[in-house]
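Participant: build me a model:
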Amino acid sequence: MSDLASPEWELAHRELVRLSVAQAAHEHTLGKALLRALRVEVWRPMGFATFIEYAERVVGLRPRQTEERLRVAQALEKLPRMSETLAQGLRPFSAVRELTRVATPETEGDWLAATDVLSVGEIAKMVAGRRPGDRPDDPPCEVARRHIIVLDVSAETYALYREAQAKIRRDTDERLSEGDGLLVMARTILGGPADTGRSSYQVRVTQCETCCRATVDGRGQAVTVDPTVAELAACDAQRVDDTGKATQEIPPATRRLVVRRHHGKCAVPGCRNTKFIDLHHLRSRSEGGSHDPANLTALCGAHHTAVHRGALVIEGTGSTDLLFRHADGSSYGASFKGSDSVEIVTTVRPHVRAEGTVTEELWSGLRTAHEASVLAS
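Facilitator: Below is the predicted model of the structure:
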(Lines give C-alpha, C1' and ligand atoms only; values in the text may rest on other atoms or scores of the structure.)
Protein backbone atom coordinates (compact mmCIF):
# COMPACT_ATOMS: atom_id res chain seq x y z
CA MET A 1 0.00 0.00 0.00
CA SER A 2 1.30 3.49 -0.86
CA ASP A 3 2.39 5.79 1.90
CA LEU A 4 0.32 8.98 1.71
CA ALA A 5 3.41 10.89 2.77
CA SER A 6 5.14 9.64 -0.36
CA PRO A 7 5.00 11.84 -3.47
CA GLU A 8 4.14 8.80 -5.64
CA TRP A 9 0.36 9.23 -5.35
CA GLU A 10 0.65 12.90 -6.25
CA LEU A 11 2.83 12.14 -9.26
CA ALA A 12 0.38 9.47 -10.42
CA HIS A 13 -2.52 11.91 -10.05
CA ARG A 14 -0.73 14.68 -11.94
CA GLU A 15 0.13 12.30 -14.76
CA LEU A 16 -3.50 11.26 -15.14
CA VAL A 17 -4.66 14.88 -15.12
CA ARG A 18 -2.09 15.74 -17.78
CA LEU A 19 -3.17 12.79 -19.91
CA SER A 20 -6.87 13.63 -19.53
CA VAL A 21 -6.25 17.23 -20.65
CA ALA A 22 -4.22 15.99 -23.61
CA GLN A 23 -6.90 13.45 -24.50
CA ALA A 24 -9.65 16.08 -24.47
CA ALA A 25 -7.57 18.36 -26.70
CA HIS A 26 -6.88 15.39 -28.98
CA GLU A 27 -10.61 14.62 -29.25
CA HIS A 28 -11.26 18.24 -30.21
CA THR A 29 -8.64 18.07 -32.96
CA LEU A 30 -9.80 14.61 -34.08
CA GLY A 31 -13.41 15.71 -34.39
CA LYS A 32 -12.51 18.71 -36.53
CA ALA A 33 -10.27 16.54 -38.72
CA LEU A 34 -12.99 13.92 -39.17
CA LEU A 35 -15.54 16.55 -40.13
CA ARG A 36 -13.16 18.11 -42.63
CA ALA A 37 -12.33 14.69 -44.12
CA LEU A 38 -16.04 13.92 -44.45
CA ARG A 39 -16.76 17.18 -46.24
CA VAL A 40 -13.94 16.75 -48.78
CA GLU A 41 -14.95 13.09 -49.29
CA VAL A 42 -11.46 11.84 -48.50
CA TRP A 43 -12.48 8.19 -48.82
CA ARG A 44 -13.38 8.36 -52.53
CA PRO A 45 -9.93 8.84 -54.11
CA MET A 46 -8.55 6.21 -51.73
CA GLY A 47 -11.00 3.58 -52.96
CA PHE A 48 -12.99 3.07 -49.77
CA ALA A 49 -16.72 2.44 -50.08
CA THR A 50 -17.81 4.92 -47.41
CA PHE A 51 -16.45 7.39 -44.88
CA ILE A 52 -17.51 5.00 -42.11
CA GLU A 53 -15.25 2.31 -43.56
CA TYR A 54 -12.43 4.81 -44.04
CA ALA A 55 -12.60 5.97 -40.41
CA GLU A 56 -12.68 2.41 -39.12
CA ARG A 57 -9.64 1.33 -41.12
CA VAL A 58 -7.55 4.50 -40.90
CA VAL A 59 -8.46 5.89 -37.46
CA GLY A 60 -9.63 2.69 -35.77
CA LEU A 61 -13.08 4.02 -34.86
CA ARG A 62 -16.18 1.88 -34.83
CA PRO A 63 -19.17 3.28 -36.79
CA ARG A 64 -20.93 4.58 -33.69
CA GLN A 65 -17.75 6.26 -32.45
CA THR A 66 -17.31 8.01 -35.79
CA GLU A 67 -20.93 9.16 -35.85
CA GLU A 68 -20.73 10.63 -32.34
CA ARG A 69 -17.48 12.49 -33.02
CA LEU A 70 -18.90 13.94 -36.22
CA ARG A 71 -22.08 14.98 -34.43
CA VAL A 72 -20.14 16.67 -31.63
CA ALA A 73 -17.74 18.38 -34.05
CA GLN A 74 -20.67 19.72 -36.07
CA ALA A 75 -22.38 20.98 -32.91
CA LEU A 76 -19.20 22.67 -31.62
CA GLU A 77 -19.01 24.81 -34.75
CA LYS A 78 -21.95 26.75 -33.29
CA LEU A 79 -20.85 26.46 -29.64
CA PRO A 80 -17.59 28.46 -29.34
CA ARG A 81 -17.36 28.40 -25.55
CA MET A 82 -17.92 24.68 -25.36
CA SER A 83 -15.49 24.11 -28.22
CA GLU A 84 -12.79 26.08 -26.41
CA THR A 85 -13.52 24.19 -23.20
CA LEU A 86 -12.83 20.87 -24.93
CA ALA A 87 -9.80 22.21 -26.80
CA GLN A 88 -8.20 23.35 -23.53
CA GLY A 89 -8.98 20.05 -21.83
CA LEU A 90 -11.19 21.66 -19.19
CA ARG A 91 -13.89 19.01 -19.74
CA PRO A 92 -13.54 15.44 -21.03
CA PHE A 93 -15.01 14.54 -24.41
CA SER A 94 -17.68 12.35 -22.80
CA ALA A 95 -19.01 15.35 -20.83
CA VAL A 96 -19.01 17.66 -23.86
CA ARG A 97 -20.67 14.93 -25.90
CA GLU A 98 -23.63 14.91 -23.51
CA LEU A 99 -23.85 18.71 -23.29
CA THR A 100 -23.95 19.13 -27.09
CA ARG A 101 -27.25 17.22 -27.09
CA VAL A 102 -29.02 20.18 -25.48
CA ALA A 103 -26.77 23.26 -25.59
CA THR A 104 -27.35 26.08 -28.07
CA PRO A 105 -25.37 29.30 -28.61
CA GLU A 106 -27.78 31.02 -26.22
CA THR A 107 -27.61 28.37 -23.47
CA GLU A 108 -24.09 26.91 -23.64
CA GLY A 109 -22.82 29.24 -20.88
CA ASP A 110 -25.62 28.17 -18.55
CA TRP A 111 -24.89 24.49 -19.15
CA LEU A 112 -21.15 24.88 -18.63
CA ALA A 113 -21.73 26.72 -15.35
CA ALA A 114 -24.39 24.32 -14.07
CA THR A 115 -22.27 21.22 -14.73
CA ASP A 116 -18.89 22.56 -13.62
CA VAL A 117 -18.42 20.08 -10.77
CA LEU A 118 -20.64 17.24 -12.02
CA SER A 119 -19.43 13.84 -13.15
CA VAL A 120 -20.16 12.54 -16.64
CA GLY A 121 -22.89 10.29 -15.24
CA GLU A 122 -24.54 13.19 -13.43
CA ILE A 123 -24.39 15.30 -16.59
CA ALA A 124 -26.02 12.50 -18.61
CA LYS A 125 -28.88 12.31 -16.10
CA MET A 126 -29.26 16.09 -16.17
CA VAL A 127 -29.40 16.18 -19.97
CA ALA A 128 -31.91 13.32 -20.17
CA GLY A 129 -35.42 14.57 -20.73
CA ARG A 130 -34.35 17.95 -22.07
CA ARG A 131 -34.40 19.28 -25.62
CA PRO A 132 -31.99 21.55 -27.49
CA GLY A 133 -32.60 25.09 -26.24
CA ASP A 134 -33.71 24.04 -22.76
CA ARG A 135 -31.79 25.51 -19.85
CA PRO A 136 -30.47 23.51 -16.88
CA ASP A 137 -33.21 24.78 -14.58
CA ASP A 138 -36.02 23.99 -17.03
CA PRO A 139 -38.14 21.03 -15.92
CA PRO A 140 -37.33 17.81 -17.78
CA CYS A 141 -39.86 16.55 -20.31
CA GLU A 142 -40.73 12.86 -20.34
CA VAL A 143 -41.34 12.99 -24.09
CA ALA A 144 -37.79 14.12 -24.75
CA ARG A 145 -36.28 11.28 -22.74
CA ARG A 146 -34.57 8.75 -24.96
CA HIS A 147 -34.79 5.01 -24.33
CA ILE A 148 -31.70 2.86 -24.84
CA ILE A 149 -31.79 -0.66 -26.23
CA VAL A 150 -28.63 -2.71 -25.68
CA LEU A 151 -28.36 -6.19 -27.20
CA ASP A 152 -25.47 -8.63 -27.19
CA VAL A 153 -25.92 -10.70 -30.35
CA SER A 154 -23.92 -13.02 -32.56
CA ALA A 155 -22.10 -11.85 -35.68
CA GLU A 156 -24.73 -13.51 -37.87
CA THR A 157 -27.60 -11.76 -36.10
CA TYR A 158 -25.79 -8.42 -36.28
CA ALA A 159 -25.14 -8.83 -40.00
CA LEU A 160 -28.77 -9.72 -40.68
CA TYR A 161 -29.92 -6.74 -38.62
CA ARG A 162 -27.76 -4.40 -40.71
CA GLU A 163 -29.09 -5.98 -43.90
CA ALA A 164 -32.64 -5.50 -42.64
CA GLN A 165 -31.97 -1.82 -41.89
CA ALA A 166 -30.54 -1.36 -45.39
CA LYS A 167 -33.59 -3.02 -46.98
CA ILE A 168 -35.98 -0.87 -44.98
CA ARG A 169 -34.21 2.27 -46.21
CA ARG A 170 -34.28 1.04 -49.80
CA ASP A 171 -37.96 0.15 -49.56
CA THR A 172 -39.07 3.31 -47.78
CA ASP A 173 -36.69 6.23 -47.45
CA GLU A 174 -32.88 6.40 -47.44
CA ARG A 175 -33.13 9.21 -44.87
CA LEU A 176 -34.60 7.02 -42.13
CA SER A 177 -32.73 7.03 -38.84
CA GLU A 178 -31.90 3.73 -37.19
CA GLY A 179 -34.65 4.34 -34.65
CA ASP A 180 -37.21 4.85 -37.43
CA GLY A 181 -35.96 1.65 -39.03
CA LEU A 182 -36.59 -0.23 -35.80
CA LEU A 183 -40.11 1.21 -35.69
CA VAL A 184 -40.79 -0.09 -39.21
CA MET A 185 -39.39 -3.51 -38.25
CA ALA A 186 -41.62 -3.72 -35.19
CA ARG A 187 -44.74 -2.67 -37.06
CA THR A 188 -43.97 -5.11 -39.87
CA ILE A 189 -43.58 -8.01 -37.43
CA LEU A 190 -46.78 -7.06 -35.62
CA GLY A 191 -48.49 -7.11 -38.98
CA GLY A 192 -52.12 -6.26 -39.50
CA PRO A 193 -55.53 -7.66 -40.39
CA ALA A 194 -56.17 -9.29 -43.74
CA ASP A 195 -59.15 -7.01 -44.25
CA THR A 196 -57.90 -3.67 -45.62
CA GLY A 197 -61.07 -2.08 -44.32
CA ARG A 198 -59.74 -2.37 -40.78
CA SER A 199 -56.84 -0.45 -39.28
CA SER A 200 -53.48 -2.19 -39.04
CA TYR A 201 -52.17 -3.76 -35.84
CA GLN A 202 -53.37 -1.54 -33.03
CA VAL A 203 -51.53 0.01 -30.12
CA ARG A 204 -53.34 1.63 -27.23
CA VAL A 205 -52.77 5.39 -27.20
CA THR A 206 -54.23 7.36 -24.31
CA GLN A 207 -54.31 11.15 -24.25
CA CYS A 208 -55.30 13.33 -21.32
CA GLU A 209 -57.98 15.82 -22.35
CA THR A 210 -56.65 18.39 -19.87
CA CYS A 211 -52.86 18.37 -20.33
CA CYS A 212 -52.74 16.50 -23.70
CA ARG A 213 -50.11 14.10 -22.28
CA ALA A 214 -50.09 11.02 -24.49
CA THR A 215 -48.99 7.52 -23.50
CA VAL A 216 -48.64 4.25 -25.39
CA ASP A 217 -49.07 0.91 -23.65
CA GLY A 218 -46.05 -1.31 -24.12
CA ARG A 219 -46.50 -4.71 -22.45
CA GLY A 220 -47.97 -3.35 -19.26
CA GLN A 221 -46.00 -0.10 -19.15
CA ALA A 222 -47.40 3.31 -20.06
CA VAL A 223 -44.66 5.10 -22.01
CA THR A 224 -45.00 8.86 -22.48
CA VAL A 225 -44.74 9.86 -26.14
CA ASP A 226 -44.81 13.05 -28.16
CA PRO A 227 -48.32 14.48 -28.71
CA THR A 228 -47.75 14.08 -32.45
CA VAL A 229 -47.91 10.30 -31.90
CA ALA A 230 -51.46 10.68 -30.64
CA GLU A 231 -52.23 12.98 -33.56
CA LEU A 232 -50.83 10.39 -35.94
CA ALA A 233 -52.87 7.60 -34.38
CA ALA A 234 -56.04 9.67 -34.59
CA CYS A 235 -55.80 9.69 -38.39
CA ASP A 236 -56.77 6.03 -38.59
CA ALA A 237 -58.04 5.20 -35.13
CA GLN A 238 -60.61 3.19 -33.32
CA ARG A 239 -62.21 5.04 -30.43
CA VAL A 240 -63.02 3.09 -27.28
CA ASP A 241 -65.80 4.53 -25.13
CA ASP A 242 -66.34 4.10 -21.40
CA THR A 243 -68.26 0.88 -21.99
CA GLY A 244 -65.40 -0.68 -23.93
CA LYS A 245 -67.13 -0.43 -27.30
CA ALA A 246 -64.71 0.26 -30.16
CA THR A 247 -65.74 2.30 -33.20
CA GLN A 248 -63.55 2.77 -36.24
CA GLU A 249 -63.60 6.43 -37.28
CA ILE A 250 -62.96 5.88 -41.00
CA PRO A 251 -65.68 3.60 -42.42
CA PRO A 252 -64.25 0.24 -43.56
CA ALA A 253 -65.60 0.71 -47.09
CA THR A 254 -63.81 4.07 -47.37
CA ARG A 255 -60.60 2.56 -46.05
CA ARG A 256 -60.70 -0.27 -48.58
CA LEU A 257 -61.30 2.23 -51.40
CA VAL A 258 -58.33 4.41 -50.47
CA VAL A 259 -55.94 1.49 -49.93
CA ARG A 260 -57.01 -0.04 -53.27
CA ARG A 261 -56.53 3.30 -55.01
CA HIS A 262 -52.88 3.25 -53.93
CA HIS A 263 -52.49 -0.40 -54.91
CA GLY A 264 -52.14 -1.54 -51.32
CA LYS A 265 -48.90 0.32 -50.66
CA CYS A 266 -47.57 3.64 -49.40
CA ALA A 267 -48.38 6.56 -51.71
CA VAL A 268 -44.94 8.18 -51.35
CA PRO A 269 -43.01 7.88 -54.65
CA GLY A 270 -40.50 5.05 -54.57
CA CYS A 271 -41.79 3.55 -51.31
CA ARG A 272 -42.64 -0.11 -51.75
CA ASN A 273 -43.87 -0.68 -48.23
CA THR A 274 -47.12 -2.66 -48.15
CA LYS A 275 -47.09 -3.53 -44.45
CA PHE A 276 -48.91 -1.61 -41.75
CA ILE A 277 -50.48 0.97 -44.06
CA ASP A 278 -52.15 3.93 -42.33
CA LEU A 279 -54.66 6.36 -43.75
CA HIS A 280 -53.71 10.01 -43.44
CA HIS A 281 -55.96 13.07 -43.62
CA LEU A 282 -54.45 15.53 -46.10
CA ARG A 283 -56.39 18.26 -44.35
CA SER A 284 -56.31 17.44 -40.66
CA ARG A 285 -59.47 16.76 -38.72
CA SER A 286 -58.65 19.67 -36.38
CA GLU A 287 -58.70 21.97 -39.41
CA GLY A 288 -62.04 20.69 -40.67
CA GLY A 289 -60.84 17.78 -42.79
CA SER A 290 -63.32 15.00 -43.40
CA HIS A 291 -63.19 11.26 -44.03
CA ASP A 292 -63.96 11.86 -47.70
CA PRO A 293 -61.70 9.62 -49.87
CA ALA A 294 -60.39 12.73 -51.63
CA ASN A 295 -58.97 13.91 -48.30
CA LEU A 296 -57.29 10.58 -47.53
CA THR A 297 -54.10 8.93 -48.69
CA ALA A 298 -52.24 5.78 -47.73
CA LEU A 299 -48.88 6.01 -45.95
CA CYS A 300 -46.53 3.52 -44.34
CA GLY A 301 -45.68 4.07 -40.69
CA ALA A 302 -42.34 5.74 -41.40
CA HIS A 303 -43.70 8.28 -43.88
CA HIS A 304 -46.83 8.88 -41.81
CA THR A 305 -44.59 9.78 -38.87
CA ALA A 306 -42.48 12.04 -41.09
CA VAL A 307 -45.59 13.98 -42.16
CA HIS A 308 -46.75 14.57 -38.61
CA ARG A 309 -43.28 15.65 -37.55
CA GLY A 310 -43.21 18.21 -40.34
CA ALA A 311 -40.32 16.59 -42.23
CA LEU A 312 -42.51 15.60 -45.20
CA VAL A 313 -45.16 17.80 -46.82
CA ILE A 314 -47.95 16.48 -49.06
CA GLU A 315 -49.88 18.79 -51.38
CA GLY A 316 -53.01 18.02 -53.40
CA THR A 317 -55.94 15.69 -52.81
CA GLY A 318 -56.29 11.96 -52.93
CA SER A 319 -58.25 12.10 -56.18
CA THR A 320 -55.52 14.03 -58.04
CA ASP A 321 -51.77 13.77 -58.39
CA LEU A 322 -50.17 14.36 -55.02
CA LEU A 323 -47.00 16.41 -54.64
CA PHE A 324 -44.47 15.28 -52.05
CA ARG A 325 -41.86 17.71 -50.74
CA HIS A 326 -39.19 17.72 -48.08
CA ALA A 327 -39.45 20.30 -45.32
CA ASP A 328 -37.04 22.60 -47.18
CA GLY A 329 -39.46 22.78 -50.13
CA SER A 330 -37.43 20.53 -52.43
CA SER A 331 -39.15 17.72 -54.33
CA TYR A 332 -39.16 14.41 -52.54
CA GLY A 333 -35.90 12.57 -53.18
CA ALA A 334 -33.90 15.73 -53.91
CA SER A 335 -30.91 16.67 -51.77
CA PHE A 336 -31.67 18.17 -48.39
CA LYS A 337 -30.50 21.77 -48.24
CA GLY A 338 -29.30 21.63 -44.66
CA SER A 339 -29.93 24.04 -41.81
CA ASP A 340 -32.43 26.16 -43.79
CA SER A 341 -34.88 23.32 -43.22
CA VAL A 342 -35.12 24.09 -39.51
CA GLU A 343 -36.81 27.42 -40.13
CA ILE A 344 -39.09 26.00 -42.81
CA VAL A 345 -40.21 23.08 -40.65
CA THR A 346 -41.01 25.52 -37.87
CA THR A 347 -43.17 27.46 -40.31
CA VAL A 348 -44.95 24.37 -41.58
CA ARG A 349 -45.51 22.88 -38.16
CA PRO A 350 -45.30 25.66 -35.54
CA HIS A 351 -46.05 23.28 -32.66
CA VAL A 352 -43.24 20.86 -33.54
CA ARG A 353 -39.93 21.34 -31.74
CA ALA A 354 -37.83 21.55 -34.88
CA GLU A 355 -34.53 21.32 -33.02
CA GLY A 356 -35.04 17.69 -32.19
CA THR A 357 -36.82 16.55 -35.35
CA VAL A 358 -34.76 18.23 -38.02
CA THR A 359 -31.43 17.51 -36.42
CA GLU A 360 -32.28 13.82 -36.43
CA GLU A 361 -33.42 13.95 -40.05
CA LEU A 362 -30.35 15.84 -41.20
CA TRP A 363 -28.05 13.48 -39.40
CA SER A 364 -29.95 10.48 -40.75
CA GLY A 365 -29.48 11.79 -44.29
CA LEU A 366 -25.77 12.35 -43.72
CA ARG A 367 -25.28 8.92 -42.29
CA THR A 368 -27.27 6.91 -44.82
CA ALA A 369 -25.71 8.71 -47.77
CA HIS A 370 -22.28 7.47 -46.78
CA GLU A 371 -23.08 4.20 -45.02
CA ALA A 372 -25.95 2.57 -46.90
CA SER A 373 -23.78 0.53 -49.23
CA VAL A 374 -21.89 -1.16 -46.38
CA LEU A 375 -24.52 -1.44 -43.66
CA ALA A 376 -23.90 -5.15 -43.50
CA SER A 377 -20.13 -4.88 -43.21
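
Participant: burial count for K167?
Facilitator: The local packing of K167 (other CB atoms under 10 Å) involves 14 other residues. For every residue, glycine as well, the C-beta is placed using N, CA and C.

Participant: show me which residues of the helix or strand where it lies are buried.
Facilitator: Secondary structure from DSSP states H and E places K167 in helix 155-171. Counting neighbours by 16 or more other CB atoms under 10 Å, one finds that the buried residues in helix 155-171 are Y161, R162, A164, Q165, A166, I168, R169, D171.

Participant: same check on stretch 19-28?
Facilitator: So for stretch 19-28, counting by 16+ other CB under 10 Å, buried means A24, A25, E27, H28.

Participant: returning to that earlier point: so can I have CSV of the buried residues of helix 155-171 showing pLDDT?
Facilitator: CSV is the format used below for the buried residues of helix 155-171 (pLDDT from 0 to 100):
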residue, pLDDT
Y161, 79
R162, 80
A164, 81
Q165, 79
A166, 78
I168, 74
R169, 71
D171, 69
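
Participant: nearest to R57, out of these: which one, please.
Facilitator: Using CB to CB, R162 is the member of those that lies nearest R57, at 17.5 Å.

Participant: rewinding a little: could I get the buried residues of helix 155-171 as JSON lines with distance to V313?
Facilitator: JSON lines is the format used below for these (distance: CB to CB, whole Å):
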{"residue": "Y161", "distance to V313": "32"}
{"residue": "R162", "distance to V313": "31"}
{"residue": "A164", "distance to V313": "28"}
{"residue": "Q165", "distance to V313": "26"}
{"residue": "A166", "distance to V313": "26"}
{"residue": "I168", "distance to V313": "22"}
{"residue": "R169", "distance to V313": "21"}
{"residue": "D171", "distance to V313": "21"}
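
Participant: show me what the longest helix that the chain contains packs onto, helices and strands only.
Facilitator: Longest helix in the chain by number of residues, with DSSP state H as the criterion: helix 8-39. Using 3 or more CB pairs under 8 Å, 6 or more residues apart in numbering; DSSP states H and E, the elements in contact with helix 8-39 are helix 51-58, helix 63-76, helix 80-87, helix 93-99.

Participant: isn't A73 up against L35?
Facilitator: Yes: A73 is within contact range of L35, at 4.3 Å (criterion: CB atoms under 8 Å).

Participant: neighbour-wise, which of these two wins?
Facilitator: A73 (23 against 18).

Participant: find the nearest non-adjacent residue to that one, please.
Facilitator: Computed as CB to CB, 6 or more residues apart in numbering, the closest residue to A73 that is not its neighbour in sequence is G31, at 3.4 Å.

Participant: ditto for A103
Facilitator: W111 (4.8 Å).

Participant: just M46 next, same as before
Facilitator: Y54 (6.8 Å).

Participant: re the thing from before, ok and the helix holding K167 relative to helix 63-76, angle-wise?
Facilitator: For helix 155-171 against helix 63-76, the angle by axes from the mean of the first three to the mean of the last three CA atoms, to 10 degrees is 50 degrees.

Participant: counting by contacts, list what helix 155-171 packs against.
Facilitator: Short answer (3+ CB pairs under 8 Å, 6+ apart): helix 155-171 packs on helix 178-190.

Participant: go with 10 Å
Facilitator: When contacts are defined as 3 or more CB pairs under 10 Å, 6 or more residues apart in numbering; DSSP states H and E, helix 155-171 sits against helix 178-190, helix 301-309, helix 354-371.

Participant: picking that back up, quick one: the residue nearest to A73 and M82 touch, right?
Facilitator: No: look at G31 against M82 with CB atoms under 10 Å: they stay out of range, at 11.9 Å.

Participant: what touches both of those two?
Facilitator: Shared contacts of G31 and M82 (CB atoms under 10 Å, 6 or more residues apart in numbering): V72, A75, L76, V96.

Participant: P105 and P80, how far apart?
Facilitator: Per CB to CB, to the nearest Å, P105 is found 8 Å from P80.

Participant: ranges for the strands of the stretch 251-377 of the chain?
Facilitator: Under the criterion DSSP state E, counting those that start in this stretch, the stretch 251-377 of the chain contains strands at 278-281, 296-299, 312-315, 323-326.

Participant: between those strands, which one is closest to P45.
Facilitator: Using CB to CB, those put strand 323-326 closest to P45, at 30.1 Å.

Participant: shaky segments in the stretch 51-200 of the chain?
Facilitator: 141-148, 171-177, 187-200 (pLDDT under 70).

Participant: got it, and the stretch 201-350 of the chain?
Facilitator: 201-234, 237-242, 244-247, 275, 319, 333-350.

Participant: now the helices for it?
Facilitator: Assigned helices in the stretch 201-350 of the chain, in chain order: 227-235, 252-261, 301-309, 340-348 (criterion: DSSP state H, counting those that start in this stretch).

Participant: if we can go back for a sec, wait, which of the strands of the stretch 251-377 of the chain is closest to A128?
Facilitator: Nearest of the strands of the stretch 251-377 of the chain (CB to CB): strand 312-315, 28.3 Å.

Participant: which residues are in contact with the nearest residue to G109 once chain neighbours are set aside?
Facilitator: Nearest non-adjacent residue to G109, counting by CB to CB, 6+ apart: R81, 6.0 Å away. Listed by CB under 10 Å, 6+ apart, the contact set of R81 reads A103, P105, E108, G109, W111, L112.
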